[in-house]
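Undergrad: Based on what follows, work out the 3D shape:
(one chain, ligands or ions: 1)
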Amino acid sequence: MKKQKIGDLTANEIRDVDRKELKVKLESYLANVMHTTFERATAEELYKGLATVVNGQLADQRMEFNRKRIHNHRRKDTSKKIYYICMEFLLGQSLKNHLYNLGETEMVEEILQERDMTLEQIYDCEPDAGLGNGGLGRLAACFMDALTADGYDATGYSLCYEYGLFKQMIADGWQMEVPDNWLPGGRVWLNAREDDSFKVKFYGDYHEYWEDGRMKYNLEHVQEVEAIPYDMFISGADSKAVNKLRLWLAKDWDGFDMASFNSGDFTKAAQRTNSAEMITKVLYPADNIEEGKELRLKQQYLMVSASCQNIVRDQYAIYGTLDNFEKNTVIHINDTHPALCVPELMRIFMDDYGYSWDDAWKKVVGTISYTNHTVLAEALEKWNEGLVQSMLPRIYSIIQEIDRRFKEEMNTRVFPGDWGKINYMAPLGEQKVHMANLAVIGSHHINGVSALHSDILKEDLFHDFYLWVPERFTNVTNGIAYRRWLCQSNPALASLLDETIGSSYRHKYEKLRDFAEFKDDASVQAEVEKIKRENKVRLGKLIKERNGIDVDPDSLFVVQAKRMHEYKRQLLNALRIISRYQMLRNDPTIDMRPETYIFGAKAAPSYYLAKHFIQLIVKLGQEINNDPVISQKLKVVFLENYSVSVAEKLMPATEVSEQISLAGKEASGTGNMKMMINGAVTMGTLDGANVEIREAVGDENIFIFGQKAHEVEQNLREGYRARDYYEQNDLLRDAVDALEYGFAGESFSNIKSYLLDPSYSIADPYMCLKDFDDYCKVHQELQDAYEDRARWNSMSIVNIAEAARFAADRSIDDYAKWIWHTKPIV
Ligand code: 26Q
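TA: So this is what the prediction gives:
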């Protein structure tokens, strides 16, 4: 929509024209597609209508942007086309975001006023696009947002899962998974491009032979699957750019097995169709854990092959050659899940375009960069060689050659004779394909997602690679789409920022830092406190609706919201809450500010222990909340089905951000940044990006406890004995013992044994007991600080201001400058 003055029209008049135009489009959709009118339409119909109109506007804007893109390519500019490949994009809802980015929120609000409806009612009709598990998938979504806001030419590639991450229901404390059928409400954003599909080959009989001095091969009896693209537009705040996220849907290529059908075997014919279409049926719900399932590998290769074919075809169409491919193209792989890009691009360059191995390899390594998101051993991807060989025979053969050449180079030039090192670094070994090794070898840059994590990559996980090619290793600290997580989720705080520092921070993230100047300004402090309280009241209403619990908006809101995982130590938080509960039971008259502990967490469906941790929190909550005396001072809330849209309501109301993972285990964290930018103060360990949060705000504006990463390593090496801590600390022992008696009629002796005498592995592997004492002490300091309202509000202001550096725009600046070597095009 045009913003400038046209002819004699004033800005207000232009807005009137735009609003009328938008309403006419909406009415026409409602009449022609929904067979209703604006006056009669339900909220659901209005959502679909508005979404369709907005999608149309984005399509128009995309055409304009395409002109710029083509012009840019013709000029042979120094900017490249960026392809961001990721198995997960956790987008959440889109309507609110697009309206904000297009500057149309008020306009639509006015239209809805005619119906006595609010935008919130309409937003509530949109299902989350939950095409991701957690941090990694949400990061990809935040990055697409920043790439677009900042005017880059970028395309995201992923899969069009029919079912996103399961919906969580809690029954008697136990997590139940319900399928997430998001498409009925979500497909309004999907633009099917059936004309632009690619075929992907699986299995088959593979034979290599030599002819004219070249290796050739036959591949017969393959299973061909069609990958059909569904495109979603990505908008950016006030940006001329509109980018695309291309989601592949698997379809049986033959559509139907005619031979079986004709011979009367209808069931078999239909089954064949089903098998290909299973590939994109559902998102794997495991987070930070490797699941070596055949279907998962198929998903990865479908995404990789369709995307690489698409990229190469498009670049060839633009330039008429692939000779400069690596100068025009960035392919970024988000974790190792798309690491088959390395052999797949080799295949395309050699088999389809006739390049030699060496020329193809130069292109691959010149194009691909890789971000690592974890150092947890159980999350590192390894695939059975036999599986890869049978499912992807040509790809396997290329991996073997990459492996052979790699070992040869290492043995002749880098680590001669050091087969310990060489085997540890190789793509193949112990009958497995080591995806991280493949990714490192095939990339020109490898980055971690926080300073600490990137150091651990260099010093530990990828140390030998670092010795070989130190220049490939770098850091890009994660960031968040702050316009979504601050401006859209917390409009009151955004307005206060407009009034104090001006609205330029909405485009230039650095400007947010100016807010720190107001840290001692009593009236701004009072405003910050008032806004937080209003947000707490709003969250309180949601909690009342969803959980039936009354929470006191004047209590301290302590929040831990993230996937349920041992290493994230929700259990440590729970142990401390148990201890608070016991303190109150001993003396209910203690004079204290009431405390509200809020959790949100999904467990992977097969992660039994994590499900028990959820049950512990829920049952502990039941017992505490139902105690008429204790519940005056203590409440525990487990928010079911934590998701992007729940997070958007939770972040603005958070006062204490619990980031208490065992040091060295959380690669970065991004929830920590979302809470910080909403004025929460961090209670955390020196892990992931917490280290940088502390540098940003200073020691006086954060509460840090527990072992440092190097101490953890040392303590584990020296032999960690959880029981010592249990025996030495009365409060801790009482809390751990209480697990056995249980809560609300449920015993948790299994968790007690996990902490003290497990049947496998070591007791308390993530050292909750060792860090308990320090956690309690520092938490008390935090709570004392909270009672000095001026001090706390000032801390809150500093946290908001210094969150500037955790804008995804800053991360994208870093990637563009240090890794991709490219620039925006508009
Ligand atoms: C792998 C193989 C088979 C099936 C599933 C997977 C799989 C899926 C998802 C493995 C890992 C993930 C997700 C990892 C993840 O979300 N990591 C988080 O990434 C964030 C963004 O960088 C960081 O902030 C978090 O610290 C990190 O835990």
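Undergrad: Which residues of the protein lie near the ligand?
TA: Residues of the chain found near the ligand (Cβ under 6 Å from any ligand atom) are 133-136, 139, 284, 286-288, 290-291, 296, 337, 373-374, 379, 381, 449, 478, 666-670, 688. Any C-beta I mention is one placed from the backbone N, CA and C, and that applies to glycine too.
Undergrad: From those, keep the buried residues only.
TA: 133-136, 139, 284, 286-288, 290, 296, 337, 373-374, 379, 381, 449, 478, 666-670, 688 (16 or more other Cβ atoms under 10 Å).
Undergrad: Kindly provide the distance from residue 287 to residue 579.
TA: 29 Å (Cβ to Cβ, to the nearest Å).
Undergrad: Please apply the same query to residue 792.
TA: 23 Å.
Undergrad: again, but for residue 530
TA: Taking Cβ to Cβ, one finds residue 530 at 32 Å from residue 579.
Undergrad: More neighbours: the two, which one.
TA: Between residue 530 and residue 579, residue 579 has the larger neighbour count (other Cβ atoms under 10 Å), namely 20 against 13.
Undergrad: any idea which residue of this protein is furthest from its center?
TA: residue 212 (49.4 Å; Cα atoms, centre = their mean).
Undergrad: Let me see the backbone angles for that residue.
TA: The phi and psi values for residue 212, taken as degrees, to the nearest 10, are phi 50, psi 40.
Undergrad: go on, residue 447?
TA: The phi/psi pair for residue 447 (degrees, to the nearest 10) is phi -130, psi 150.
Undergrad: List the contacts of it.
TA: Neighbouring residues of residue 447 by Cβ atoms under 8 Å, 6 or more residues apart in numbering: 369, 370, 371, 372, 454, 473, 474, 475, 476, 819.
Undergrad: With the flanking residues excluded, which residue is spatially nearest to the last one?
TA: The spatial neighbour of residue 819 that comes closest, neighbours along the chain excluded (Cβ to Cβ, 6 or more residues apart in numbering), is residue 445 at 4.5 Å.
Undergrad: Tell me where the chain is predicted with low confidence.
TA: 1-7, 76-77, 254-262, 264, 266-274 (pLDDT under 70).
Undergrad: 50 instead?
TA: 1-3 (pLDDT under 50).
Undergrad: Number of residues surrounding residue 23?
TA: By other Cβ under 10 Å, neighbour count at residue 23 equals 17.
Undergrad: Could you check how far residue 420 is from the ligand?
TA: 27 Å (Cβ to the nearest ligand atom, to the nearest Å).
Undergrad: Show me the helices in the stretch 151-300 of the chain, by range?
TA: 183-186, 258-262, 266-277, 294-319 (DSSP state H, counting those that start in this stretch).
Undergrad: Does residue 528 touch residue 679 like I think?
TA: Yes: in this structure, residue 528 is within contact of residue 679 by Cβ atoms under 8 Å, at 6.1 Å.
Undergrad: okay, and the common contacts of the two?
TA: In contact with both residue 528 and residue 679: 493, 796, 797, 800, using Cβ under 8 Å, 6+ apart.
Undergrad: Make CSV out of the residues you listed and add secondary structure.
TA: Formatted as CSV, these follow (DSSP: H, G, I helix; E, B strand; the rest coil):
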residue, secondary structure
493, helix
796, helix
797, helix
800, helix
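Undergrad: and the residues you listed as TSV, adding distance to residue 60?
TA: What follows is the shared contacts of residue 528 and residue 679, written out as TSV (distance: Cβ to Cβ, whole Å):
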residue	distance to residue 60
493	33
796	42
797	41
800	36
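Undergrad: Just the buried ones out of the residues you listed, please.
TA: 493, 796, 797, 800.
Undergrad: Among the residues you listed, which one sits closest to residue 698?
TA: The closest of those to residue 698 turns out to be residue 797 (Cβ to Cβ; 12.7 Å).
Undergrad: Look up how far the ligand lies from the residue nearest to that closest one when sequence neighbours are not counted.
TA: Sequence neighbours aside, residue 519 is the residue nearest to residue 797 in space, at 4.5 Å (criterion: Cβ to Cβ, 6+ apart). Per Cβ to the nearest ligand atom, residue 519 is found 28 Å from the ligand.
Undergrad: now do residue 585
TA: Look at residue 585 and the ligand: by Cβ to the nearest ligand atom, they are 36 Å apart.
Undergrad: Give me the distance between the two termini of stretch 370-378.
TA: 19 Å (Cα to Cα, to the nearest Å).
Undergrad: And stretch 327-341, what's buried?
TA: 328-341.
Undergrad: do the same with stretch 136-149
TA: 136-149.
Undergrad: same question, stretch 356-369
TA: So for stretch 356-369, counting by 16+ other Cβ under 10 Å, buried means 360, 361, 363, 364, 365, 366, 367, 368, 369.
Undergrad: Just these: which are in strands?
TA: Those of the buried residues of stretch 356-369 mapping onto strands are 368, 369, per DSSP state E.
Undergrad: ok, now which ones touch the residue lying closest to residue 672 once chain neighbours are set aside?
TA: Sequence neighbours aside, residue 659 is the residue nearest to residue 672 in space, at 4.6 Å (criterion: Cβ to Cβ, 6+ apart). Neighbour list for residue 659: 666, 669, 671, 672, 682, 683, 684, 685, 687, 688, 690 [criterion: Cβ under 8 Å, 6+ apart].
Undergrad: again with residue 88
TA: 131, 132, 133, 136, 137, 140, 158, 283, 334.
Undergrad: Now with 10 Å, please.
TA: Listed by Cβ atoms under 10 Å, 6 or more residues apart in numbering, the contact set of residue 88 reads 130-141, 158-159, 161, 164-165, 283-284, 287, 334-335, 337.
Undergrad: Over to residue 468?
TA: By Cβ under 10 Å, 6+ apart, the contact list for residue 468 reads 409, 410, 413, 414, 415, 421, 425, 440, 441, 462.
Undergrad: Find the closest residue to the ligand in the stretch 501-650 of the chain.
TA: Going by Cβ to the nearest ligand atom, the ligand is nearest to residue 563 of the stretch 501-650 of the chain, at 7.5 Å.
Undergrad: longest helix of this protein?
TA: Of all segments of type helix in the chain, defined using DSSP state H, the longest is helix 43-74.
Undergrad: What helices and strands are in contact with the helix or strand just after that one?
TA: Next helix or strand after helix 43-74 toward the C-terminus (DSSP states H and E): strand 81-85. For strand 81-85, the packing partners by 3 or more Cβ pairs under 10 Å, 6 or more residues apart in numbering; DSSP states H and E come out as helix 43-74, helix 135-149, strand 154-159, strand 242-252, helix 294-319, strand 329-334, strand 368-371.
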